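Undergrad: need a 3D model of the sequence below.
(chains A, B, C and D)
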There are 2 protein chains.
Amino acid sequence: MDYEQILKERNLSLTSVRLAVLEALEQHPHSEAGVLFKIVHKKIKTTSKQAIYNNLNMMVEHGIIREIKPKGQPSLYETKVGDNHHHIVCRSCQKVMDTDCHSLAPCLSPKISHGFVIDEAEVTFWGTCPSCQKSKGDKNEQH
Amino acid sequence: MDYEQILKERNLSLTSVRLAVLEALEQHPHSEAGVLFKIVHKKIKTTSKQAIYNNLNMMVEHGIIREIKPKGQPSLYETKVGDNHHHIVCRSCQKVMDTDCHSLAPCLSPKISHGFVIDEAEVTFWGTCPSCQKSKGDKNEQH
DNA sequence: GCAATAAAATTGATTGACTCAATATTTTTA
DNA sequence: TAAAAATATTGAGTCAATCAATTTTATTGC
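TA: Residues are numbered from 1 along each chain as shown, chains lettered A, B, ... in the order given. As a prediction, this is how the structure comes out:
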């Protein structure tokens, strides 16, 4: 994706750190700030963790990236936005995968809205990923 | 609810702190640990925050209570469990309300499960609550 | 292009939720 | 009611994330 254009469209400064964060995030979706810092740091040796946090927060506010926060993990970020996709998280290894919702409408219309004006449905599916299913099976076989 | 019985059924010790946490949580759903500590502390002056955390974590593991973690807030807890209900969070004031899902099945069957075995669908609706809609309107009128 | 201005990056301190570990106390079991 | 097990208390410590002051970088107007 052309992130330079995306930033320009919103009158946001084009900085090396900002572009490096977006590039890192595109290559490593569902990354936390610390991981992104390490990746960006390889390219830009003078960068700081604070710059990563500032940019992530700012770009979330502008809808350029999305933040998810599964229980027990720090905030994770992704460049995939605007498609109302959801996430599957593994209870064992915390791996996160994207998934489209089977049916969009029900997720956007809660039965009782209590007068709230709803603008987003955030869905997290919890379960066990293939490799953790396998290792669990291995454990049982060891008995 | 008879929490003494719920705890006994699971062979968990009946302690004053534990029962006070459950009572506080029933009266104040979607509370965070710090708030629960304050409530319990009024009744049991010698209690500690650590005891609150230990009990919350332990009871979440045993399925007696449920933990939710909306973005930008610490973990919240509730005694309403086992009914797969969802939550609406206000973007302005962070208020949390319960809601039943309009249609349960789609929420439990993501289109692409990537081989995961899904056991829970956690849904958070984001929006603006009635009173924040109102105060937003007030602001606009002041112009 | 280059100075002036605005925005972002760096640095270091600080917050706040939460955990860890050692000791004391309470609860349960025999 | 004594022994064993579970829980509570205390204080230190961790880690993600934020705040604030200064320096650097990017943008704008000439």
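
Undergrad: what about the longest strand in chain A?
TA: Longest strand in chain A by number of residues, with DSSP state E as the criterion: strand A:117-128.

Undergrad: is any residue of that strand near chain B?
TA: Yes - residues of strand A:117-128 are located near chain B by Cβ under 8 Å from any Cβ of the partner chain, namely A:117-128. In short, each C-beta sits where N, CA and C put it, glycine included.

Undergrad: and these, which of them are buried?
TA: For the residues of strand A:117-128 next to chain B, a neighbour count by 16 or more other Cβ atoms under 10 Å in any protein chain shown gives the buried set as A:118, A:121-128.

Undergrad: what is the nearest of the residues you listed to residue B:10?
TA: Nearest to residue B:10 among these is residue A:126, at 21.7 Å by Cβ to Cβ.

Undergrad: let me know the pLDDT of the residue lying closest to residue A:128 once chain neighbours are set aside.
TA: Spatial nearest neighbour of residue A:128, excluding adjacent residues (Cβ to Cβ, 6 or more residues apart in numbering or on different chains): residue B:117 at 4.9 Å. pLDDT, residue B:117: 86.

Undergrad: and for residue A:129?
TA: At residue A:129, pLDDT is 89.

Undergrad: contacts only, for it.
TA: For residue A:129, the contacting residues are A:88, A:90, A:92-93, A:95, A:97, B:114-116, by Cβ atoms under 8 Å, 6 or more residues apart in numbering or on different chains.

Undergrad: now list the buried members of those residues.
TA: Using 16+ other Cβ under 10 Å, the buried ones in these are A:88, A:90, A:95, A:97, B:116.

Undergrad: I'd like to know which of these is nearest to residue B:2.
TA: residue A:90 (35.4 Å).

Undergrad: any idea how far the closest residue to that closest one other than its chain neighbours is from DNA strand C?
TA: The shortest distance from residue A:90 to any non-neighbouring residue, by Cβ to Cβ, 6+ apart, is to residue A:129 (3.8 Å). As judged by Cβ to the nearest atom of the strand, to the nearest Å, residue A:129 and DNA strand C stand 22 Å apart.

Undergrad: give me the contacts around stretch A:36-54.
TA: Residues contacting stretch A:36-54 (Cβ under 8 Å, 6+ apart): A:16-17, A:20-21, A:24-25, A:27-28, A:31, A:33-34, A:56, A:77.

Undergrad: next step: those restricted to helices.
TA: In this view, the contacts of stretch A:36-54 that belong to helices under DSSP state H are A:16-17, A:20-21, A:24-25, A:27, A:33-34, A:56.

Undergrad: check the residues you listed one by one and keep those near DNA strand D.
TA: With Cβ under 7 Å from any atom of the strand as the criterion, those include A:16, A:33-34 near DNA strand D.

Undergrad: reformat those as JSON lines; add neighbour count.
TA: Shown next, in JSON lines, are these (neighbours: other Cβ atoms under 10 Å in any protein chain shown):
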{"residue": "A:16", "neighbour count": "13"}
{"residue": "A:33", "neighbour count": "19"}
{"residue": "A:34", "neighbour count": "11"}
